[in-house]
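S.K.: Here's my sequence, what's the structure:
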Amino acid sequence: MNYKNGREVLPPSLLKELQKYIEGELIYIPKKSNERVGWGVNSGTRQMIETRNEEIFTLHCQGHTIEYLKQAFHLSQDSIRKVIFKKRAERCADEADQKFPARQ
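M.R.: Numbering: from 1, shown residues only. Have a look, this model is predicted:
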C-alpha cells in the first residue's frame with residue numbers, strides 16, 4: 001500500500017472537509033467493492049500456494065508418503081490430506097469435462 005499526501009491528490013475543498021474529521025493522521029480509503037481483487041492475487045501468494053499444492057499432489061502420485069510431504073513442506077498431516085483430496089477432485093472434474101464436454 002502506498003502512502004499519498006492529501007495535498008497532492010485531493011481537491012482543496014475535499015481536503016478541508018476531511019480535516020474537520022481527521023487531521024495529521026493516516027486514513028485508509030478502501031477500493032470500491034466491485035473493484036477488489038482476491039486474496040493473494042497482487043502479491044503472488046495465491047499462485048505460490050497453487051504451485052506448492054501441485055507439487056505436493058505430484059509427489060504424492062509418485063509414491064511419497066504423507067509423512068514425507070508433511071516434513072518436506074512443513075504442513076500438518078490434515079493440511080497435506082486436504083491438498084491431496086482437493087487436487088484429486090479437481091483432476092477428476094477436469095477428466096469428466098474432457099470426456100463429456102458441455103453441449104452448446
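
S.K.: which residues of this protein fall in helices?
M.R.: Here the chain has its helices, by DSSP state H, at 6-9, 12-21, 45-61, 66-73, 77-99.

S.K.: Mind putting those into a markdown table with mean neighbour count and distance to Ile29?
M.R.: C-beta coordinates here come from the backbone N, C-alpha and C atoms, glycine included. Listed next are the helices of the chain as a markdown table, based on neighbours: other Cβ atoms under 10 Å; distance: least, Cβ to Cβ, whole Å:
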| stretch | mean neighbour count | distance to Ile29 |
| --- | --- | --- |
| helix 6-9 | 9 | 10 |
| helix 12-21 | 10 | 10 |
| helix 45-61 | 14 | 23 |
| helix 66-73 | 14 | 38 |
| helix 77-99 | 13 | 36 |
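
S.K.: With distance to Arg36 and mean pLDDT added, can I get those helices in CSV?
M.R.: Putting the helices of the chain into CSV (distance: least, Cβ to Cβ, whole Å; pLDDT from 0 to 100) gives the following:
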stretch, distance to Arg36, mean pLDDT
helix 6-9, 20, 90
helix 12-21, 23, 92
helix 45-61, 14, 95
helix 66-73, 30, 97
helix 77-99, 24, 89
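
S.K.: Could you dump the ones you listed into CSV and include distance to Trp39?
M.R.: Below are the helices of the chain laid out as CSV (distance: least, Cβ to Cβ, whole Å):
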stretch, distance to Trp39
helix 6-9, 26
helix 12-21, 29
helix 45-61, 7
helix 66-73, 20
helix 77-99, 17
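
S.K.: Give me the pLDDT for Met1.
M.R.: Looking at Met1, its pLDDT is 64.

S.K.: Right, I'll leave it there.
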